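A.B. asks: model this:
(chains A and B)
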Protein chains: 2
Amino acid sequence: MPGYWWVNHKQTVRQEIGGQYLWSPKTNRNGARNVSYDNMREANPGDLVLSYANGRIAWIGRVVDFAFTSPKPEEFGNAGANWKDEGWLLPVFWTPLTPAIVPRTLIDRLGPLLPERYSPISPTTGHGNQAIYLAKISEPVFRTLIGAGDYDAQALARGGENSLSYEIVTEQLNDIVEDRIASDRTLDDTTRRAMIQARRGQGVFRRNVEAIDPACRLTGITNPLLLKASHIKPWRLCQTAAERLDGWNGLMLTPDADHLFDRGFITFEDDGNVKVSQRVSDEELRRLGFGHLVQQRFGLAEAPAIWPTGEFRPQQQAYLDYHRTAVYVH
Amino acid sequence: MPGYWWVNHKQTVRQEIGGQYLWSPKTNRNGARNVSYDNMREANPGDLVLSYANGRIAWIGRVVDFAFTSPKPEEFGNAGANWKDEGWLLPVFWTPLTPAIVPRTLIDRLGPLLPERYSPISPTTGHGNQAIYLAKISEPVFRTLIGAGDYDAQALARGGENSLSYEIVTEQLNDIVEDRIASDRTLDDTTRRAMIQARRGQGVFRRNVEAIDPACRLTGITNPLLLKASHIKPWRLCQTAAERLDGWNGLMLTPDADHLFDRGFITFEDDGNVKVSQRVSDEELRRLGFGHLVQQRFGLAEAPAIWPTGEFRPQQQAYLDYHRTAVYVH
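C.D. replies: Numbers count the residues shown, from 1 in each chain, chains lettered A, B, ... in the order given. As a prediction, the model looks like this:
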């Protein structure tokens, strides 16, 4: 069963609808948590989102992928000047609602169904709540607003030519970073090539990681032809050449483990234990060959890696801390 | 224990040593098999290669990765004009032998050790055998030629800044193809974008593959977030837009399965059975979660997929035939 969401767009509705996503900062400007930003990470693929702007719901969207850490979209320009540069990007495939729906006109039926806290619009006046960005709504609220014939459910399920996914968005972001590195005249040729090769886990970065620990912590595999050098803090989010090439900022992982780690479906505690996201089912873990993680998952939030190589070093812990907060999808 | 090889370079010694590889066509010009080209696929990572040119062995190399299908290097220019455009590329990390070794001067001791067939030099005159490119040699032949102090074994084991790997070479080849597609004015924008997205298994290509079979044949996983759309005939080797986007030219696979398939460590028979290369050990298969392939491997060259989805369609079989001959490493 899908979840239902409501987004109060402000200045960036055009960019977000056109670009097939939602973007929010991670916290308020003063660093305080904000439930409607935290909600970005709660949305699951298949959930439905209503886009509210200027008093009307003119678009309905289907969540395509989990939210992930991403720089503020450049196309926001001045509209997003008050927000921090790093936030959550949630890929959403949008289709239009015609005619658009005006929630204020339904407020008599809608009001009693809306929650007391974090309601996206006032249950009495029907005006949008400026303090809320992404809000969870109940199925009755959704059904009160949207009838079965109000949108093209098939088109929404199918997705479009331009609908985004984690892979497409991160490739685009990586391309932007790579172009910047390629044209950075402050770097010497060797460093520049090493930084670009590190994007795919190759070259100097890979050798640096292998020198620290050449084995996959989840499978014990040591054959380099079966392993990838995975950044702990993702390559696109590193700030410096040193971070991108740092052997402490990497783990040798099998392709499955690399994928789960990169997508934030698993992470590691400082003591070496594995944490598995609730978004991956036990059956999926088993089929991927990580049955040992299922056993230890039962009743526990963490599971020891099957080939324990012990506690991480302090230099790795700093990067793992970033991974747990910015990459891991709990 | 490493294997030992001898390569008779002809016109392309400079390119191959400088580029850290060996390259050969797959067959003679008339299409006939040639043992010394087939040998390219027999070399294993860690094997040692002696480079013979102009009567001297001036370089020793360590095989870095298995050979894979690759276009003829552009830097061959006219030197390779007689060869077909598709061949085997074997990544080799070369270090110099100083002084160079002149096998002819050792022919009295060497001659009796050389094989009767496919010897890289004449056992009597010590002249190079022009009909041979890559030849297997025995350890005694190697030891007769090369003393322990003749090269820097540590440097050879470590590899260099520029040593190639499958990933680095295929990225470079893919970049060349992508540049060609990006500047091809005969393509419309939509097709061009779809072809480029297909490189990473995204966009139209992925949807085409999912429409035919959305599940991984090796694990039964159907969650799209855990699957990659893998080309059967590799993207870089496709000839047309149609091949690159063809849903019949793809399989949905988990990252491990995608990696093994892409590297040619597994392939499929037309009836749906899996073939596992001898280059992957039983223990590695088990740790990757493919223990079911080990069981059925014992005494058999082929193993049924765990989630049999039956025979492939004729359209898929054509691509699988290519995969078995040009990608699979037996």
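
A.B. asks: Residue of the stretch 151-300 of chain A closest to chain B, please.
C.D. replies: The stretch 151-300 of chain A approaches chain B most closely through A:G289 (1.6 Å), counting by Cβ to the nearest Cβ. C-beta here means a position set from N, CA and C on the backbone, and glycine is covered the same way.

A.B. asks: got the residues of the stretch 51-200 of chain A near chain B?
C.D. replies: For the stretch 51-200 of chain A, the contact set with chain B under Cβ under 8 Å from any Cβ of the partner chain comprises A:D65, A:F66, A:G159, A:E161, A:S165, A:Y166, A:E167, A:I168, A:E171, A:T190, A:Q197, A:R200.

A.B. asks: Next, give phi and psi for the residue of the stretch 151-300 of chain A closest to chain B.
C.D. replies: Here is the backbone geometry of A:G289 (degrees, to the nearest 10): phi 90, psi 10.

A.B. asks: So, low pLDDT: which residues of chain A?
C.D. replies: Across chain A, the ranges flagged by pLDDT under 70 are A:160-163, A:295-309.

A.B. asks: For the longest helix along it, name the packing helices and strands.
C.D. replies: With DSSP state H setting the assignment, residue counts place helix A:166-182 as the longest helix in chain A. Packing partners of helix A:166-182 (3 or more Cβ pairs under 8 Å, 6 or more residues apart in numbering or on different chains; DSSP states H and E): strand A:68-71, strand A:86-101, helix A:189-199.

A.B. asks: Return the distance of that helix from the chain's centre.
C.D. replies: 16 Å (Cα atoms, centre = their mean, to the nearest Å).

A.B. asks: Run through the residues that contact A:V204.
C.D. replies: The contact partners of A:V204, taken as Cβ atoms under 8 Å, 6 or more residues apart in numbering or on different chains, are A:A194, A:Q197, A:A198, A:L245, B:E161.

A.B. asks: switch to 10 Å and redo it
C.D. replies: A:T190, A:T191, A:R193, A:A194, A:M195, A:Q197, A:A198, A:R244, A:L245, A:G247, B:E161 (Cβ atoms under 10 Å, 6 or more residues apart in numbering or on different chains).

A.B. asks: and if you look at A:P91?
C.D. replies: Shown in contact with A:P91 (Cβ under 10 Å, 6+ apart): A:19-22, A:43, A:45, A:61-68, A:70, A:159, A:163-169.

A.B. asks: Swap in 6 Å and give it another go.
C.D. replies: A:Y21, A:V64, A:D65, A:L164, A:S165 (Cβ atoms under 6 Å, 6 or more residues apart in numbering or on different chains).

A.B. asks: Find me whatever residue is spatially closest to the last one, sequence neighbours aside.
C.D. replies: In this structure, A:S165 finds its nearest non-sequential neighbour in A:D65, 5.3 Å apart by Cβ to Cβ, 6 or more residues apart in numbering or on different chains.

A.B. asks: helix/strand/coil for the one you found?
C.D. replies: Of the three states, A:D65 takes coil under DSSP: H, G, I helix; E, B strand; the rest coil.

A.B. asks: Surely it touches A:I168?
C.D. replies: No: counting by Cβ atoms under 6 Å, A:D65 stays clear of A:I168, with 9.3 Å between them.

A.B. asks: more crowded one of the two?
C.D. replies: A:D65 (24 against 20; other Cβ atoms under 10 Å in any protein chain shown).

A.B. asks: which residues touch that one?
C.D. replies: Counting by Cβ under 6 Å, 6+ apart, A:D65 touches A:P45, A:P91, A:S165, A:Y166.

A.B. asks: again, only this time at 8 Å
C.D. replies: Shown in contact with A:D65 (Cβ under 8 Å, 6+ apart): A:P45, A:L90, A:P91, A:L164, A:S165, A:Y166, B:L225.

A.B. asks: Same check on A:E171?
C.D. replies: B:R200, B:Q202.

A.B. asks: For A:R200, see how far away it is.
C.D. replies: 11 Å (Cβ to Cβ, to the nearest Å).

A.B. asks: same question, A:I101
C.D. replies: Counting by Cβ to Cβ, the separation of A:I101 from A:R200 is 46 Å.

A.B. asks: These two - which one has more neighbours?
C.D. replies: Neighbour count, other Cβ under 10 Å: between A:I101 and A:R200, A:I101 has more, with 20 against 17.

A.B. asks: now that one, which residues is it bridged with?
C.D. replies: A:I57 (DSSP bridges).

A.B. asks: list the contacts for it?
C.D. replies: Counting by Cβ under 8 Å, 6+ apart, A:I101 makes contact with A:R56, A:I57, A:L145, A:I146, A:D150.

A.B. asks: change it to 10 Å
C.D. replies: A:L50, A:Y52, A:R56, A:I57, A:A58, A:I60, A:T144, A:L145, A:I146, A:G147, A:D150.

A.B. asks: Make a PyMOL selection of whichever of these turn out to be buried.
C.D. replies: Buried residues within the contacts of A:I101, by 16 or more other Cβ atoms under 10 Å in any protein chain shown, are selected in PyMOL with:
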select buried, chain A and resi 50+52+57+58+60+144+145+146
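
A.B. asks: Just put the contacts of A:I101 in a markdown table and tack on secondary structure.
C.D. replies: What follows is the contacts of A:I101, written out as a markdown table (three-state DSSP):
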| residue | secondary structure |
| --- | --- |
| A:L50 | strand |
| A:Y52 | strand |
| A:R56 | strand |
| A:I57 | strand |
| A:A58 | strand |
| A:I60 | strand |
| A:T144 | helix |
| A:L145 | helix |
| A:I146 | coil |
| A:G147 | coil |
| A:D150 | helix |
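
A.B. asks: Can you lay out the contacts of A:I101 as JSON lines showing distance to B:R206?
C.D. replies: As requested, the contacts of A:I101 are arranged in JSON lines below (distance: Cβ to Cβ, whole Å):
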{"residue": "A:L50", "distance to B:R206": "28"}
{"residue": "A:Y52", "distance to B:R206": "32"}
{"residue": "A:R56", "distance to B:R206": "34"}
{"residue": "A:I57", "distance to B:R206": "31"}
{"residue": "A:A58", "distance to B:R206": "29"}
{"residue": "A:I60", "distance to B:R206": "24"}
{"residue": "A:T144", "distance to B:R206": "36"}
{"residue": "A:L145", "distance to B:R206": "33"}
{"residue": "A:I146", "distance to B:R206": "29"}
{"residue": "A:G147", "distance to B:R206": "32"}
{"residue": "A:D150", "distance to B:R206": "29"}
